[in-house]
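A.B. asks: quick one, structure for this:
(one chain, ligands or ions: 2)
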Amino acid sequence: MDKARIAIIGASGYTGAELVRLVTTHPGMRIAALAADRNAGKPLAEIYPHLSHLDLPTVVKTEEIDFAGIDLAFCGLPHATAQAVIGGLPRDLKVVDLSADFRLRDPKIYETWYGHEHHALDLQAEAVYGLPEFYREEIRATRLCAGTGCFVVNGLLPLVPLVEKGVIDLDEIVIDSKTGITGAGRSSAEWKLFSEVTAGTKAYGLGGTHRHTSEFDQELTKAAGREVTVMFTPHLLPMNRGILGTIYVKGDADEIQATLATRYADEPFVQVLPMGSAPLTQHVTGSNLCRIGVTPDRRKGRAVIVSVIDNLVKGASGQAVQCANLMLGQPETAGLELAPMFP
Ligand SMILES: NC(=O)C1=CN([C@@H]2O[C@H](COP(=O)(O)OP(=O)(O)OC[C@H]3O[C@@H](n4cnc5c(N)ncnc54)[C@H](OP(=O)(O)O)[C@@H]3O)[C@@H](O)[C@H]2O)C=CC1
Ligand SMILES: CC(=O)N[C@@H](CCC(=O)OP(=O)(O)O)C(=O)O
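C.D. replies: Ligands and ions are numbered 1, 2, ... in the order given. Purely as a prediction, here's the structure:
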């Protein structure tokens, strides 16, 4: 069978580099085009020497790509830029977008959280939310898939089954997340300097002001069938990759454990660990896995759930490949059966 021809737009970014890593080892895909902005005109090896052993096309501007020869494009572009660029692509091209541009279904909610009008409402209306464990059939049928926020997939995988089954109090969900710095992309900024992030940690987006809060609310409200608003606070840790969510819920820990174990028994990328487990981010690094541990609190009727992913894999590029596999009719796990790298 011919391999699907893939374009990666935003190839010089962190999610782009991760897509190159995943697509070049994928049995059913090959890279046909790479695009970026400031780095257009360079061989990828110059931008990312760790990929210099690969035979890859030179990075070009998006408008230089001949999309007639492309089966699917991944777009790893900044928010707002993605909708402008995707709006200029052929309307029948399959696209997996990694930005936040097409995740929120209500344009008014998008405007509130992103501070500007959406400029591609027709595309937003056709986009399917890229969480394969819950939207598998919709993703198979769509041509535009909106990759989830990295914190959001980490929190939704444990929470959605519990909300759907009504085993936790819907008004008492607290999501306390920690992320590595690659979550902020490769662009330079003073706050990303080694001297400013190493040997310390910070909370941000306090008081429910982080953009991903809206995505949590949207998906959990849908799962519950009534309005759900969560308490969510992200923290930046001095590590490259990984997200660890510590999620506090009111509910019976045995029921929570049983619900998650049953729901994910046949899911290839979600592992529910034995009761009392505390998964580490290092145990999923480089893999498309989400590992979840449930522990009862000493106070009856409360539990703490720990969920870990690699933000660049299950949180971005790996999940994007999982969605692309569905859209291209390939096995969902193709190219993603990667064991984590440890230590
Ligand atoms: N990092 C993460 O863990 C996650 C990121 N995301 C989302 O994925 C997207 C990409 O993130 P990330 O890779 O980290 O970001 P980076 O900042 O590392 O990369 C951004 C990329 O976009 C390119 N770019 C910018 N403007 C244009 C344009 N007009 N046309 C073509 N290319 C352009 C840049 O090219 P150049 O370098 O040449 O200027 C670069 O390749 C973002 O929307 C992000 O929010 C989602 C989940 C997780
Ligand atoms: C460390 C860091 O800054 N992380 C980013 C999350 C990036 C991400 O994956 O989310 P989007 O795709 O919605 O941008 C943040 O908190 O905004």
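A.B. asks: and the contacts of stretch 196-212?
C.D. replies: By C-beta atoms under 8 Å, 6 or more residues apart in numbering, the residues outside stretch 196-212 that reach it are 100, 113-114, 149, 151-152, 178, 181, 190-191, 213, 229, 231-238. To be clear about C-beta, it is placed using only N, CA and C from the backbone, and glycine gets the same treatment.
A.B. asks: so which bits of that stretch are buried?
C.D. replies: Neighbour-count burial for stretch 196-212 flags 197, 205, 210-212 (criterion: 16 or more other C-beta atoms under 10 Å).
A.B. asks: ok, it near ligand 1 or not?
C.D. replies: No: contact of stretch 196-212 with ligand 1 is not found when judged by C-beta under 6 Å from any ligand atom; the minimum separation is 9.2 Å.
A.B. asks: from the chain's centroid, how far away is that stretch?
C.D. replies: The chain centroid and the centroid of stretch 196-212 are separated by 18 Å, computed with C-alpha atoms, centre = their mean, to the nearest Å.
A.B. asks: quick one: the helices in this structure?
C.D. replies: Counting by DSSP state H, the chain has these helices, from start to end: 14-24, 44-47, 81-87, 107-114, 121-126, 132-141, 150-165, 194-197, 212-224, 253-263, 318-327.
A.B. asks: among those, which is nearest Ile309?
C.D. replies: For the helices of the chain, proximity to Ile309 was assessed by C-beta to C-beta; helix 150-165 is nearest, at 5.0 Å.
A.B. asks: quick check: the nearest residue to Gly166 once chain neighbours are set aside vs Asp176, distance?
C.D. replies: With C-beta to C-beta, 6 or more residues apart in numbering as the measure, Ala224 is the residue that lies nearest to Gly166, at 8.0 Å, once sequence neighbours are left out. Plainly put, Ala224 is 21 Å away from Asp176 if you go by C-beta to C-beta, to the nearest Å.
A.B. asks: Gln83 too?
C.D. replies: Using C-beta to C-beta, Gln83 is found at 31 Å from Asp176.
A.B. asks: what does Gly183 give?
C.D. replies: 16 Å.
A.B. asks: among the two, which residue is more densely surrounded?
C.D. replies: Taking Gly183 and Asp176 together and counting by other C-beta atoms under 10 Å, Gly183 has the greater number of neighbours (21 against 17).
A.B. asks: any idea how far the more buried one lies from Pro27?
C.D. replies: Distance check for Gly183 against Pro27: by C-beta to C-beta, it reads 29 Å.
A.B. asks: surely Phe151 and Ile247 touch.
C.D. replies: No: with contact defined as C-beta atoms under 8 Å, Phe151 and Ile247 do not form a contacting pair (11.2 Å).
A.B. asks: between these two, which one's more packed in?
C.D. replies: For Phe151 and Ile247, the more surrounded residue by other C-beta under 10 Å is Phe151, and the numbers stand at 28 against 24.
A.B. asks: now for the more buried one: which residues touch it?
C.D. replies: Taking C-beta under 8 Å, 6+ apart, one finds 175, 177, 179, 210, 212, 232, 234, 243, 245, 315 in contact with Phe151.
A.B. asks: which members of those occur in strands, if any?
C.D. replies: When those are checked against strands (DSSP state E), the matches are 175, 177, 179, 232, 234, 243, 245.
A.B. asks: tell me how far the residue lying closest to the third one once chain neighbours are set aside lies from Leu336.
C.D. replies: Read that as Thr179. With C-beta to C-beta, 6+ apart as the criterion, Thr179 has its nearest non-adjacent residue at 5.0 Å, and that residue is Ile243. To Leu336, Ile243 is 18 Å away according to C-beta to C-beta.
A.B. asks: before we move on, what about His53?
C.D. replies: Here the criterion is C-beta to C-beta. By it, His53 lies 21 Å from Leu336.
A.B. asks: and the two? Which one has more around it.
C.D. replies: In terms of neighbours (other C-beta under 10 Å), Leu336 is the more surrounded of His53 and Leu336; the figures are 22 against 9.
A.B. asks: which pLDDT does the model give the more buried one?
C.D. replies: Note on Leu336: pLDDT of 98.
A.B. asks: what sits against it?
C.D. replies: Counted by C-beta under 8 Å, 6+ apart, Leu336 has contacts 22, 269, 288, 318, 321-322, 325.
A.B. asks: same question, Thr229
C.D. replies: Thr229 makes contacts with 208, 217, as judged by C-beta under 8 Å, 6+ apart.
A.B. asks: recalculate using a threshold of 7 Å.
C.D. replies: Asp217 (C-beta atoms under 7 Å, 6 or more residues apart in numbering).
A.B. asks: report pLDDT for it.
C.D. replies: 98.
A.B. asks: give me phi/psi at it?
C.D. replies: The phi and psi torsions at Thr229 (degrees, to the nearest 10) take the values phi -130, psi 130.
A.B. asks: alright, that wraps it up for me.
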